[in-house]
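[1] coords below, sequence missing:
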Ligand code: SAH
């Protein structure tokens, strides 16, 4: 097989990034945008000894699981990877990915997994679920100012104000900004020269409150004629907060370090379940509030609190899970590395009248072992105990030193929420080798049309 060869191939499998996988005489081809069951014509772009990457040229016979993508830019855009696969099959793929990792990396038997895994939790409407989007501004080939999304792997902007994952309100906001820019001949930022004004716009929408936030990220201290822009934006129904964030650095980081209010409030409010959150331009907040409520509801169900427990919520972010748990526990301790997130967590506890949640800033793998050691010093002959520990780490999972302390604290239950089932599987292997047993597993789809999947797991002390 050589570069530029054109081949006909049947797609038999799906790769971790959603790409189709086919074989020709034992030679494996990875083909983006192809679906299991498709017969496609593809051109080889890169050929290694036993495998290669090919570009789909045409679909000869479409798979029965292939659907027409809702967005006409789905193939070029870097945001979605699997819009061409029916939602039912997307869920099947994600569930298999999670269980496959638990089996391969975690060493759990298929029989056990079959017994304890509950069916994946899907979305009722697998589009328009994101409450947050950051749109870059730039110029197209003809020098026209555009906004949209980056194409996969490049910073070329695909002009599109109507992303199928975002809220429909985005479109009016983006069109308003584009026409303002045209009227006042305002230049978008150019990454190559470092010139131009508008870099990105961050839009947030409160699903429950219907409040809208717009934050303009600019490469200067202010926006000329900004009163006019504010006047236009503030007419949009639900507009609650208009801010600017100055970012004059040549970097891929989108937001500046701070922000300034142009109009309205510095934050919008939204809810997950009964808990109310104030969200400012720089706060972290779950992007799919509907599925987050299901995911954390499930975590709460697994935790099964009676009311007298001490609970640790490690990697707590703005305290979403902590505050959920605090409603039912005696005492919750949250740990998170980002100081601003902890400030938000404390403020969110306060606005909800929650007094039994205490938050620590720091690395979970330092704070928890530190607490454990200090406790032993202060109470000779005793050791710190937790009734329940919840963890929700980033993709890289937990450090072994943290898992070790968790085991020493002998919680009855551990609930692990994970956005990467490979590191989840690795960490479960450790915990199950050190006195815990896997009781429940359930995948939750928070990001339809993409290959990402969340998992929540319950472990119990043997
Ligand atoms: N449950 C949280 C989100 C968890 S995302 C919520 O709903 O808000 C993972 C979090 O872990 C992020 O907030 C990230 O800042 C934090 N984090 C990353 N590494 C960490 C570490 N070593 N110790 C503690 N927190 C960490």
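    Cool, got the structure. Bear in mind that the values here come from a model prediction, so they are computed numbers and not experimental data.

[2] beta partners of the residue nearest to residue 135 when sequence neighbours are not counted?
    Ranked by Cβ to Cβ, 6 or more residues apart in numbering and with sequence neighbours excluded, the top spatial neighbour of residue 135 is residue 147, at 4.7 Å. For the C-beta atoms, the positions are set from N, CA and C on the backbone; glycine is no exception. Residue 147 has these beta-bridge partners by DSSP bridges: residue 137.

[3] got the contact list for residue 147?
    Contacts for residue 147 (Cβ atoms under 8 Å, 6 or more residues apart in numbering) come out as 135-138, 157, 159, 161, 174, 177-178, 188, 201.

[4] now it: how far from residue 190?
    14 Å (Cβ to Cβ, to the nearest Å).

[5] on that earlier part again, from the contacts of residue 147, which land in helices?
    Here DSSP state H is the test, and those give 174, 177-178 as lying in helices.

[6] For the stretch 201-350 of the chain, which residues score under the pLDDT cut-off?
    Low-confidence segments of the stretch 201-350 of the chain (pLDDT under 70): none present.

[7] So which residues of it form helices?
    Listed in chain order, the helices of the stretch 201-350 of the chain (DSSP state H, counting those that start in this stretch) span 226-234, 289-303, 320-326, 339-351.

[8] related to what we said a few turns ago, save the ones in helices among the contacts of residue 147 as a markdown table, and put in pLDDT, distance to the ligand and neighbour count too.
    A markdown table is the format used below for these (pLDDT from 0 to 100; distance: Cβ to the nearest ligand atom, whole Å; neighbours: other Cβ atoms under 10 Å):
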| residue | pLDDT | distance to the ligand | neighbour count |
| --- | --- | --- | --- |
| 174 | 98 | 27 | 24 |
| 177 | 98 | 29 | 24 |
| 178 | 98 | 33 | 20 |
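
[9] Quick one: closest of the helices of the stretch 201-350 of the chain to the ligand.
    helix 320-326 (3.3 Å; Cβ to the nearest ligand atom).

[10] from the chain's centre, how far out does that closest one sit?
    From the chain centre to the centre of helix 320-326 is a distance of 19 Å (Cα atoms, centre = their mean, to the nearest Å).

[11] ok, and what's touching it?
    Counting by Cβ under 8 Å, 6+ apart, 272-273, 275, 277, 286, 292, 296, 299-300, 303, 305, 311, 313, 316, 332, 334, 345, 348-349, 352, 354, 356-357, 359, 388, 390, 392, 417 sit against helix 320-326.

[12] where does the stretch 351-462 of the chain come near the ligand, residue by residue?
    For the stretch 351-462 of the chain, the residues in contact with the ligand (Cβ under 6 Å from any ligand atom) are 363-365, 392-394.

[13] Top of the residues you listed by number of neighbours, please.
    Greatest neighbour count in these, by other Cβ atoms under 10 Å, goes to residue 364: 24 neighbours.

[14] residue contacts, the spatially closest residue to that residue that is not a sequence neighbour?
    Closest residue to residue 364 apart from its sequence neighbours, by Cβ to Cβ, 6+ apart: residue 314 at 4.2 Å. By Cβ under 8 Å, 6+ apart, the contact list for residue 314 reads 334-335, 364, 368, 389-393, 398, 402.

[15] do you know how far residue 12 is from the ligand?
    Distance from residue 12 to the ligand, counting by Cβ to the nearest ligand atom, to the nearest Å: 35 Å.

[16] Confirm that residue sits in a helix?
    No: going by DSSP: H, G, I helix; E, B strand; the rest coil, the assignment for residue 12 is strand, not a helix.

[17] That one reaches residue 22, doesn't it?
    Yes: contact criterion Cβ atoms under 8 Å: residue 12 and residue 22 qualify, at 5.9 Å.

[18] So for the two, which sits in the more crowded spot?
    Neighbours per residue (other Cβ under 10 Å) separate residue 12 from residue 22, with residue 22 holding more: 23 against 13.

[19] host element of the nearest residue to that one once chain neighbours are set aside?
    Closest residue in space to residue 22, ignoring its immediate chain neighbours: residue 9 at 3.8 Å, by Cβ to Cβ, 6+ apart. Under the criterion of DSSP states H and E, residue 9 resides in strand 6-14.

[20] now do residue 365
    Per DSSP H and E: helix 364-378 holds residue 365.

[21] check contacts around residue 37.
    So residue 37 contacts 10-11, 62-66 (Cβ under 8 Å, 6+ apart).

[22] State whether it is indeed within a helix.
    No: counting by three-state DSSP, residue 37 falls outside a helix, being coil.

[23] now for the helix or strand where residue 54 lies, which elements pack on it?
    Following DSSP H and E, one finds residue 54 within strand 51-61. Under the contact criterion of 3 or more Cβ pairs under 8 Å, 6 or more residues apart in numbering; DSSP states H and E, strand 51-61 touches strand 6-14, strand 27-31, strand 39-47.

[24] downstream neighbour of the first one in the secondary structure list?
    Right, strand 6-14. Following strand 6-14 in sequence, per DSSP H and E, is strand 20-24.

[25] Can you tell me what sits against that following strand?
    Contact partners of strand 20-24, identified using Cβ under 8 Å, 6+ apart, comprise 1, 7, 9-15, 28-36, 38, 40, 42, 56.

[26] Now the stretch 201-350 of the chain against the ligand: closest residue?
    Closest to the ligand within the stretch 201-350 of the chain is residue 317: 2.4 Å, counting by Cβ to the nearest ligand atom.

[27] Neighbours of that residue, how many?
    Residue 317 has 21 neighbours, counted by other Cβ under 10 Å.

[28] That one and residue 284 touch, don't they?
    Yes: counting by Cβ under 8 Å, residue 317 touches residue 284, with 5.4 Å between them.

[29] what is in contact with those two at once?
    Residues touching both residue 317 and residue 284 by Cβ under 8 Å, 6+ apart: 338, 341.

[30] Give me the most central residue, the protein.
    In the chain, the centroid-proximal residue (Cα atoms, centre = their mean) is residue 287; its distance is 6.7 Å.

[31] Please tell me how far that residue sits from residue 174.
    Distance, residue 287 to residue 174, using Cβ to Cβ: 18 Å.

[32] Quickly check the contacts of residue 314 for the two that are furthest apart.
    Maximum pairwise distance in the contacts of residue 314, criterion Cβ to Cβ, is 15.6 Å, between 334 and 398.

[33] Give me the more crowded residue out of those two.
    Using other Cβ under 10 Å as the criterion, residue 334 and residue 398 rank with residue 334 on top: 31 against 24.

[34] Noted, bye for now.
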